[in-house]
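J.: build me a structure from this.
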Amino acid sequence: QVQLVESGGGLVQAGGSLRLSCAASGRTFSSYAMGWFRQAPGKEREFVAAISWSGSRTYYADSVKGRFTISRDNAKNTVYLQMNKLKPEDTAVYYCAAKTGSNYYSELAYDYWGQGTQVTVSS
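T.: Numbering: from 1, shown residues only. Below is the predicted model:
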């Protein structure tokens, strides 16, 4: 089992920045690739970014490429999502997830999920 707890969400103006953190406990964190997903009201949950277990590979949705950066610190059992140049359409609940499956982009590949943290971007 892996327990995931997100933090760092909040209210920010368009153009601003936030950094989300996801702290993991339980089984060996460095064994898992990690991802961030988000779900806006009335919409399906969507992929945002993912990172391999070593941190050597990262993946991004086109909508956030160039604005968001995913990183991890295996010594601290934490994965981060740095979000810059935020837009109102980035407003959503953001979830981190841990996976053992091969597909980085599909939520079906992820085995463990956090409870989510709200990000609200005002225009």
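J.: quick check: the gap between the residue nearest the centre of the chain and residue 123.
T.: Geometric centre of the chain, nearest residue: residue 36, 2.3 Å, by C-alpha atoms, centre = their mean. Using C-beta to C-beta, to the nearest Å, residue 36 is found at 23 Å from residue 123. For every residue, glycine as well, the C-beta is placed using N, CA and C.
J.: where does pLDDT dip in the chain?
T.: 27 (pLDDT under 70).
J.: now the strands for it?
T.: 2-7, 10-13, 18-26, 33-39, 46-51, 58-60, 68-73, 78-83, 92-99, 110-113, 117-122 (DSSP state E).
J.: pull the distance from the second one to the chain's centre.
T.: What that stands for is strand 10-13. Put simply, strand 10-13 sits 17 Å off its chain's centre (C-alpha atoms, centre = their mean, to the nearest Å).
J.: packing partners for that strand?
T.: strand 117-122 (3 or more C-beta pairs under 8 Å, 6 or more residues apart in numbering; DSSP states H and E).
J.: same deal with the shortest one?
T.: Helices and strands touching strand 58-60, by 3+ C-beta pairs under 8 Å, 6+ apart, are strand 46-51, strand 68-73.
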